[in-house]
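Colleague: okay, sequence plus prediction incoming.
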Amino acid sequence: MLCLGIETSCDETALALVNEGKLIGENIASQVKLHSIFGGIVPEIASREHLRALVPLFDDLLVKCDVKPEDIELIAVTRGPGLLGSLLVGLGFAKGLALALKKPLVGVNHLYAHLLVVGLEQIIEFPALGLLVSGGHTHIYFIRSPFEFELLGRTLDDAAGEAFDKVAKFLNLPYPGGVYIDRFAQMADPDPDLFPRPYIDNDNLDFSFSGLKTCVANFLKRNDHLIFKSMDEAGPDYTPDPELAKVCASFNFAVARTLKIKLGRALKRVRPRSIILAGGVAANTMIRRAIEEQSRAENLPLYVPDKEFCTDNAAMIAYYGEILGQAGLTHGLDMEAIPRGRKIPWDYCQRQFSLSSCTPYCLQKGTFCRRI
Ligand code: KG4
Ligand code: ZN
């Protein structure tokens, strides 16, 4: 089923085509440079840029993939969570296409798409324990199948990516700063006593990163010689001084260790057959390593998407959209955008849906696999 995926939830405008679980092509326009001068995303600018980029990206994708609009069999679009204005631009475009081409429409939960995109590269063994770490979310899910997600824990304040970006902002690094902290952190050994592992002295699976962020901010106030004078100072070849590298390594260590502790706790409560690490922060070197250690200790396979599929993309929307479409799950043209903070309803039009009769996918002995 040739599925077009449309992603406009934040600051990437992306379109992709997936067919039978394989990526045919993708086009992404990033707004990162535009927003970085403001030190964060400006919602109005994001919506306007999506509107500008969508049609040229769509036209170019079809030419690149040698696909005619009428070849598209399903239109999948991110319906949330995200910035409301940005989501509405994507939804408007998707609904217009669905109406013009007379093709079905399906709204995709952006978070579930992040977690499942690794299925483009590998067959996922279900049930899986999913750790989603992005700019807006830090969630642990027990995923019984692509249609059954149980939220086990979530951040109570800042998301992991937000903490990275805010620490980078204190240092006067450009937005989004997670990659800078990651790079600098690799140049020193962490001091495990410099910053605390936040919100672990409890028995729950939730996170709280705002205290850690404040702790780093206070440390930097006392050591302001570490703060960059201008945002352009830390170019791609910049080597940080060892003291700054140690601060970055110690902060990154505190986040990685906290994620590992909570994931380990979740593994004691549910019995998954695999672990999935996903979202933009899954690109982080120290976090990948910590979760790899955890999965080895538990003797469970770990799936981490390629870095290009960790950050926002449309391949994940097209991929999960096709799974939903194959299972007979679609939406009407009245589908709503759901902004961050509101629960995304499972409100598909359930045409012939049953877990055991999903074609061409099937659930066999707990493994969700492609039927050949
Ligand atoms: O998933 P994503 O692209 O967007 C959201 O849906 O939020 O995640 C973006 C987040 C940003 O906070 C960014 O700083 C962070 O992912 N990020 C990283 C790294 N690469 C991206 N954080 C730490 N280390 C990285 N290597
Ligand atoms: Zn995302």
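Modeller: Yes, it's here. Numbers count the residues shown, from 1 in each chain. Ligands and ions are numbered 1, 2, ... in the order given.

Colleague: can you give me the buried ones in the top helix by length along the chain?
Modeller: Longest among the helix segments of the chain by residue count, using DSSP state H, is helix 242-269. By neighbour count with 16 or more other C-beta atoms under 10 Å, helix 242-269 contains the buried residues 244-260, 262-263, 265-267. For every residue, glycine as well, the C-beta is placed using N, CA and C.

Colleague: before we move on, what about stretch 110-126?
Modeller: For stretch 110-126, the neighbour count (16+ other C-beta under 10 Å) marks 110-120, 124-126 as buried.

Colleague: what's the span of that stretch, first residue to last?
Modeller: With C-alpha to C-alpha, to the nearest Å as the measure, the ends of stretch 110-126 fall 20 Å from one another.

Colleague: next, the residue of the stretch 251-372 of the chain found nearest ligand 2: phi, psi?
Modeller: Closest to ligand 2 within the stretch 251-372 of the chain is Asp312: 4.4 Å, counting by C-beta to the ion. With angles defined as degrees, to the nearest 10, Asp312 shows backbone torsions of phi -60, psi 140.

Colleague: neighbours around it, how many?
Modeller: For Asp312, the neighbour count with other C-beta atoms under 10 Å is 26.

Colleague: give the contact list for it.
Modeller: The neighbours of Asp312, taking C-beta atoms under 8 Å, 6 or more residues apart in numbering as the test, are Glu7, Ser9, Cys10, Asp11, Glu12, Ala14, His110, Gly280.

Colleague: could the residues you listed go into a markdown table alongside distance to ligand 2, secondary structure and pLDDT?
Modeller: As requested, those are arranged in a markdown table below (distance: C-beta to the ion, whole Å; DSSP: H, G, I helix; E, B strand; the rest coil; pLDDT from 0 to 100):
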| residue | distance to ligand 2 | secondary structure | pLDDT |
| --- | --- | --- | --- |
| Glu7 | 8 | strand | 98 |
| Ser9 | 7 | coil | 97 |
| Cys10 | 6 | coil | 94 |
| Asp11 | 10 | coil | 91 |
| Glu12 | 8 | strand | 95 |
| Ala14 | 11 | strand | 98 |
| His110 | 6 | helix | 97 |
| Gly280 | 6 | helix | 93 |
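
Colleague: mind listing the helices for the stretch 1-150 of the chain?
Modeller: Ranges of helices within the stretch 1-150 of the chain are 32-36, 43-65, 84-101, 110-116, based on DSSP state H, counting those that start in this stretch.

Colleague: correction: the previous question concerned the stretch 201-350 of the chain.
Modeller: Secondary structure of the stretch 201-350 of the chain by DSSP H, counting those that start in this stretch: the helices cover 210-222, 242-269, 285-298, 307-310, 315-326.

Colleague: could you dump the ones you listed into CSV with mean pLDDT added?
Modeller: Supplementary listing: the helices of the stretch 201-350 of the chain in CSV, determined by pLDDT from 0 to 100:
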stretch, mean pLDDT
helix 210-222, 97
helix 242-269, 98
helix 285-298, 97
helix 307-310, 92
helix 315-326, 97
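
Colleague: nearest to Cys3, of these?
Modeller: Closest approach to Cys3 among those (C-beta to C-beta): helix 315-326, 4.0 Å.

Colleague: any part of the closest one near ligand 2?
Modeller: No: no part of helix 315-326 sits close enough to ligand 2 to count as contact by C-beta under 5 Å from the ion; the gap is at least 8.5 Å.

Colleague: which elements pack onto that helix?
Modeller: Under the contact definition 3 or more C-beta pairs under 8 Å, 6 or more residues apart in numbering; DSSP states H and E, helix 315-326 sits against strand 3-7, strand 12-19, strand 22-30, strand 74-80, strand 105-109, helix 110-116.

Colleague: direction included, what does the second one pair against?
Modeller: Here strand 12-19 has these sheet partners by DSSP bridges: strand 3-7 (antiparallel), strand 22-30 (antiparallel).
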